[in-house]
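>>> Sequence and predicted structure are below.
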Amino acid sequence: MAIALVVFIVYLIITLQKVGRVIDETENTVKTLTSDVNVTLHHTNELLARSMFLQMMSMSKLPLLIHFLLQ
């Protein structure tokens, strides 16, 4: 009976160590993904700002273009 208990405890320790490594790897993966998402979000915001600027510039030139085309 005592041997079975020792075997069970050793098995439990090994299993918990594996679970700990999986949790560490998961934490690292989440950190990496979070960083990648933040970079992507920053680039997306820059692109949106540029496109909004271009749209505003286009809209401000539209009356002049219409006036030129209608002449």
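Thanks, I have it.
>>> ranges for the helices of this structure?
Ranges of helices in the chain, per DSSP state H, are 2-70.
>>> Spatially central residue in it, please.
The centroid of the chain falls nearest to residue 37 when counting by CA atoms, centre = their mean (2.1 Å).
>>> What is the burial count for residue 36?
As a burial measure, the neighbour count of residue 36 was computed by other CB atoms under 10 Å and equals 10. (Glycine included, C-beta is placed from N, CA and C.)
>>> And it, what's its pLDDT?
Per-residue confidence for residue 36 comes out at a pLDDT of 96.
>>> show me what contacts it?
Counting by CB atoms under 8 Å, 6 or more residues apart in numbering, residue 36 touches no other residue.
>>> Begin at 37 from now on, thanks
With 37 as the first residue, the last one maps to residue 72.
>>> I'd like the distance between it and residue 104.
According to CB to CB, to the nearest Å, residue 72 and residue 104 sit 47 Å apart.
>>> And residue 44, by the same measure?
In this view, residue 44 and residue 104 are 87 Å apart by CB to CB.
>>> try residue 95
Residue 95 is 16 Å from residue 104, by CB to CB.
>>> what's the answer for residue 75, then?
43 Å.
>>> With residue 86 instead?
26 Å.
>>> cool, residue 47 as well?
Noted for residue 47: a distance of 83 Å to residue 104, by CB to CB.
>>> What about residue 96, how many residues nearby?
With neighbours defined by other CB under 10 Å, the count for residue 96 comes to 9.
>>> What of residue 70?
The burial count assigned to residue 70 is 10, neighbours taken as other CB under 10 Å.
>>> okay, now residue 56: neighbour count?
Here the neighbour count serves as a burial measure; for residue 56 (other CB under 10 Å) it reads 10.
>>> Pass me the low-pLDDT residue ranges in this structure, would you?
Applying pLDDT under 70 to the chain picks out no residues at all.
>>> could you redo the last one with a cut-off of 80?
When residues are selected by pLDDT under 80, those of the chain lie in 101.
>>> Let's see stretch 67-76 as CSV, backbone CA atoms only.
Taking Å, rounded to 0.1, in the frame of the first residue of the first chain, the C-alpha atoms of stretch 67-76 are listed here in CSV:
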residue,chain,number,x,y,z
LYS,A,67,2.2,38.1,-23.8
THR,A,68,3.5,37.7,-27.4
LEU,A,69,0.0,37.8,-28.9
THR,A,70,-0.9,40.9,-26.8
SER,A,71,2.2,42.6,-28.0
ASP,A,72,1.5,41.7,-31.6
VAL,A,73,-2.1,43.0,-31.3
ASN,A,74,-0.9,46.3,-29.8
VAL,A,75,1.5,46.8,-32.7
THR,A,76,-1.2,46.0,-35.2
